[in-house]
Each structure stands twice: as structure tokens, then as C-alpha cells.
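A.B. asks: kindly return the folded structure for what I paste below:
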Amino acid sequence: MFVDRVRVNLRAGNGGAGVVSFVRTKGKPKGRPNGGNGGPGGSVILRADPSVATLLRYHRNPHHQADSGTHGEGDLRHGRGGEDLVLPVPLGTTVIDEDGTTIADLVEEGEEVLAVAGGRGGRGNAAFVNPGNRAPAIAEQGEYGRSAWFILEMKLLADAALVGFPNAGKSTFISRVSAAKPKIADYPFTTLEPNLGVVSFDGREFVLADIPGLIEGASGGKGLGHEFLRHTERARVLVYLLDPSPLQEASPREQLEILRREVADYSDELSERPSLVVLNKSDLPEAEPVGEALQVSALTGEGLKEALHAIADLAEQAEKQAPERVGFVLHRPLGPEFKVAKDGDVWVVSGIAAERAVSFADLTVAEAADMAARRLARIGVDEALREAGAEEGDEVRIGDLSFEFLVGYDEEE
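C.D. replies: Below is the predicted model:
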């Protein structure tokens with residue numbers, strides 16, 4: 001089964017919690033702080049891998065999660081970091097986020113994108129020691145790993161692509177000149193999935209793609225046209241394969257006109273790619289020459305070698321003239337540290353900076369609550385709430401925690 005488009009849910013690992021711990025010695029029930037930090041959660045990374053041919057594994061299982069970090073312990077034992085989850089995808093896979101933004105185009109082997117980052121590990125009380133506080137009794141919780149949905153879309157990478165009407169003989173052509181074994185039958189739309197074949201002859205080699213048959217209106221999505229045309233975008237050369245048999249309602253000349261129009265309507269850039277016209281089934285009595293089209297019979301093999309040399313020549317020329325095809329990973333700014341919104345009578349503060357400010361293991365400890373309040377004031381949450389209209393005593397929610405808003409809290413540490 002060939003799968004070229006899937007929707008996946010990727011979840012990073014949670015960070016481990018820090019711990020409050022003290023050296024226990026006789027006569028000193030609360031000695032030097034030695035609470036370790038929690039380990040960071042693992043991230044989820046998508047990496048281009050030539051050994052992966054389709055996105056089938058993600059169609060069957062769309063949910064994937066990285067390992068979480070472990071909690072810190074006493075004696076300054078820090079938690080183990082969660083292992084990153086590296087998911088292999090085929091070369092030519094684009095990664096699209098929930099907003100519809102393409103964040104990566106993974107073309108070359110080893111290219112990768114960080115999809116979701118693991119949660120940061122919480123600090124143990126040993127990390128909070130300072131000249132003014134020799135024995136802190138506070139520790140941070142680990143952050144939750146981020147979770148998001150993505151669309152993975154694969155576009156075949158080929159030197160040349162066979163473009164033609166259903167039942168034009170594309171599958172027979174590629175099976176004759178390569179080791180590819182597509183389904184072949186005497187009815188339209190036999191091929192519903194693209195096939196790739198490596199063509200090797202006379203010391204030459206190129207990759208040929210058999211694109212499922214196109215019909216008039218394909219550029220508008222008719223007959224799965226958008227799905228099929230998408231795969232021609234990664235081919236250097238287009239080979240228009242014409243069929244003179246009575247199975248086709250349109251003549252070979254009309255087929256060529258329709259095919260070129262559908263490609264142009266789908267993409268101007270695609271219509272300007274180098275192209276070659278091949279008349280298949282030339283062994284039929286009704287087959288007549290069409291302009292400068294090469295005449296072949298995929299069934300008998302007549303004219304195939306000449307056509308392959310012409311395709312290889314055009315592909316090599318296109319490769320030399322075309323700019324290097326490179327993938328990309330979109331690096332976006334982190335955005336605002338937090339946002340303030342109102343949900344009914346409750347003020348909701350969201351954002352990683354605000355969540356980190358209150359990520360203590362136990363906010364019932366006065367020291368932890370005081371530090372959380374100072375952190376929120378320092379990053380500007382108090383001021384933002386006042387400007388938004390929050391009043392003394394209003395409920396403020398950050399993550400799963402609720403607080404009472406106090407006007408005029410002292411920001412000085």
C-alpha cells in the first residue's frame with residue numbers, strides 16, 4: 001500500500017521534577033541542600049531516510065511520543081533525560097503544522113526538523129542556593145512535553161515522470177524498462193498509486209515515475225487530479241505518453257493538448273519543465289505519427305531504447321541547468337512570552353514563560369509562592385493584567401493553577 005499523505009500527532013516527553021532534599025547528619029536535621037534536578041523530556045524529530053519508501057507506518061499509527069525525563073533525587077542525583085524520538089520519513093517529505101504553514105521540506109538524506117521539543121526538567125533545591133538563602137526548601141516541577149498535529153506529505157523524487165490518460169500504457173512502459181511491478185489491466189484507473197522505477201541501460205541510469213492517469217479537469221481536482229499532479233512537482237522532465245487506441249475518446253493530438261493544459265492550469269512553473277512526447281502502442285494499425293513524438297510500443301519493446309536515451313539526455317540536461325534542489329527547515333521566532341485573555345470571570349494567562357514562573361513542586365510553601373509572585377511580576381504579567389482591566393481579588397488561571405490577583409505586589413527580590 002502506497003501512502004503519501006498522513007496526519008500525525010506528535011508528543012514530546014515530559015520533564016522530570018526536581019526534588020527538595022538535605023544532607024542528614026547527626027545534630028543537623030536540615031543540613032546542606034542536595035536535591036537533584038529532573039531530567040529533560042525527549043523531543044520528537046522527523047528525519048529524511050532513503051530506506052523509507054512511504055508514510056504507511058504513520059497511516060497505521062498516527063500517534064507517537066518521546067520518552068519522559070526521570071525525577072531528581074537526593075545526594076545531587078539528577079534525573080535521566082528522556083531519549084529523543086527520531087521518526088524516519090521518505091526523501092521529499094514536507095511537514096505542515098496545524099496552521100497550514102510548511103515548516104520543513106526534507107529532501108536530502110539526514111535532513112531533519114525538530115517537530116516538538118521535550119519539556120524542561122525542574123530544578124532541585126540545590127539549584128536555588130544563593131548568598132541570601134543557604135537552605136531553600138523549594139523545587140520546580142518538570143514541564144509537560146509539547147503536543148501538536150502535523151501533516152506529512154510526500155512528493156516523489158524522480159528524474160522523469162510519465163504523464164498520460166488512464167490506460168495509456170504507463171504501467172506497461174515502466175514495468176518494461178525497470179524492475180517496478182505495477183498493477184496492469186485493460187481498464188482505466190488501474191494505477192491509483194505512483195510507482196517508481198530505476199531505469200538502467202547502456203551504462204546510463206535514471207529514476208522514472210509512473211503517475212496515475214489524468215483526465216480533463218484534473219487541475220481542478222477531478223479524478224483525484226490534485227493528488228496525482230502533486231507528484232509531478234519533483235520530476236525534472238515530463239514525458240507525455242499518448243495512446244492511439246480506440247480505448248481513448250480523444251485523439252493523440254487532443255490528449256497532448258489536454259494534458260499540457262491541465263499541467264499548466266495546475267502550475268505555470270511545472271508547465272515550463274523540459275518535456276518529451278512519446279506515442280505508445282505504435283504497433284497498432286490505427287497509430288499515426290504525431291508531430292515529433294517518438295513512437296514506441298511498450299508491449300513489444302519497439303522504439304524503447306531510443307526513447308530512453310532521449311529521456312536520459314533531457315534529464316541530464318535539466319539537472320545541469322536547474323538550480324540545486326535543497327530542502328529547508330523554517331526557523332520561526334518564539335513569539336510573545338505570555339498572553340492574557342478573559343474567560344468569563346476568570347483571567348487566563350497562557351505561555352511558556354508564565355507556566356515556568358509558577359512551576360514549583362509545592363506552592364503551599366510560602367517561599368515557593370513568594371518566588372512565583374516575584375517571577376510573574378518580573379516578566380510583566382502583573383502589569384499586563386492591570387492594563388487588561390484585572391482588579392483586586394479577581395481569579396487568575398495559569399495552566400492548571402488558580403491564583404487571586406493582588407494589586408501592588410512588591411516586585412523586588
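
A.B. asks: got the confidence number for residue 26?
C.D. replies: Model confidence at residue 26, expressed as pLDDT, equals 74.

A.B. asks: now the one 3 residues further on
C.D. replies: As predicted, residue 29 sits at a pLDDT of 65.

A.B. asks: could you check how far residue 340 is from residue 58?
C.D. replies: With distances defined as Cβ to Cβ, to the nearest Å, the gap from residue 340 to residue 58 amounts to 37 Å. (C-beta placed from N, C-alpha, C; glycine too.)

A.B. asks: ok, residue 42 next?
C.D. replies: 18 Å.

A.B. asks: and residue 7, helix, strand or coil?
C.D. replies: Residue 7 falls in the strand class when you classify it by DSSP: H, G, I helix; E, B strand; the rest coil.

A.B. asks: returning to what we had before: looking at residue 42 and residue 58, which is more packed in?
C.D. replies: Taking neighbours as other Cβ atoms under 10 Å, residue 42 and residue 58 compare with residue 42 leading, 26 against 20.

A.B. asks: looking at this, that one is in a strand?
C.D. replies: No - under the criterion used here (three-state DSSP), residue 42 is coil, not part of a strand.

A.B. asks: report the separation between it and residue 108.
C.D. replies: For residue 42, the distance to residue 108 - Cβ to Cβ - is 24 Å.

A.B. asks: where in the stretch 201-350 of the chain is pLDDT low?
C.D. replies: Along the stretch 201-350 of the chain, segments meeting pLDDT under 70 span 213-228, 322-326, 332-336.

A.B. asks: show me where it has helices.
C.D. replies: For the stretch 201-350 of the chain, the helices defined by DSSP state H, counting those that start in this stretch occupy 225-229, 252-266, 268-271, 304-321.

A.B. asks: dump those helices to a markdown table, plus distance to residue 372 and mean neighbour count.
C.D. replies: Formatted as a markdown table, those follow (distance: least, Cβ to Cβ, whole Å; neighbours: other Cβ atoms under 10 Å):
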| stretch | distance to residue 372 | mean neighbour count |
| --- | --- | --- |
| helix 225-229 | 51 | 19 |
| helix 252-266 | 55 | 19 |
| helix 268-271 | 54 | 12 |
| helix 304-321 | 60 | 16 |
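
A.B. asks: save these as CSV, and put in distance to residue 151 too.
C.D. replies: Below are those laid out as CSV (distance: least, Cβ to Cβ, whole Å):
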stretch, distance to residue 151
helix 225-229, 14
helix 252-266, 20
helix 268-271, 21
helix 304-321, 29
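
A.B. asks: which one of those helices lies nearest to residue 66?
C.D. replies: Proximity to residue 66 (Cβ to Cβ) singles out helix 225-229 among these, at 31.3 Å.

A.B. asks: which residue lies nearest the spatial centre of this protein?
C.D. replies: residue 95 (2.4 Å; Cα atoms, centre = their mean).

A.B. asks: residue 204 is in contact with residue 312, isn't it?
C.D. replies: Yes - between residue 204 and residue 312 a contact is recorded at 4.9 Å, counting by Cβ atoms under 8 Å.

A.B. asks: give me the phi and psi angles of residue 132.
C.D. replies: Recorded main-chain torsions at residue 132 are phi -90, psi -10, according to degrees, to the nearest 10.

A.B. asks: equivalent analysis for residue 359, please.
C.D. replies: Phi and psi for residue 359, reported as degrees, to the nearest 10, are phi -80, psi 60.

A.B. asks: what sits against it?
C.D. replies: Under the criterion of Cβ atoms under 8 Å, 6 or more residues apart in numbering, the contact partners of residue 359 comprise 122, 140-143.

A.B. asks: quick check: pLDDT value at it.
C.D. replies: With respect to pLDDT, residue 359 scores 92.

A.B. asks: repeat for residue 110
C.D. replies: 93.

A.B. asks: give me the number of residues near it?
C.D. replies: Residue 110 is flanked by 10 other residues according to other Cβ under 10 Å.

A.B. asks: I figured it hits residue 50, correct?
C.D. replies: No - between residue 110 and residue 50 there is no contact under Cβ under 8 Å: 9.4 Å.

A.B. asks: would you map the strands across the stretch 301-413 of the chain?
C.D. replies: Taking DSSP state E, counting those that start in this stretch as the test, the strands found in the stretch 301-413 of the chain are 328-329, 339-343, 346-350, 395-398, 401-404.

A.B. asks: thinking again about what came up before, how about the residue nearest to the centre of the chain, nearest residue that isn't a chain neighbour?
C.D. replies: Distances taken as Cβ to Cβ, 6 or more residues apart in numbering put residue 104 closest to residue 95, at 4.3 Å, once the chain neighbours are dropped.
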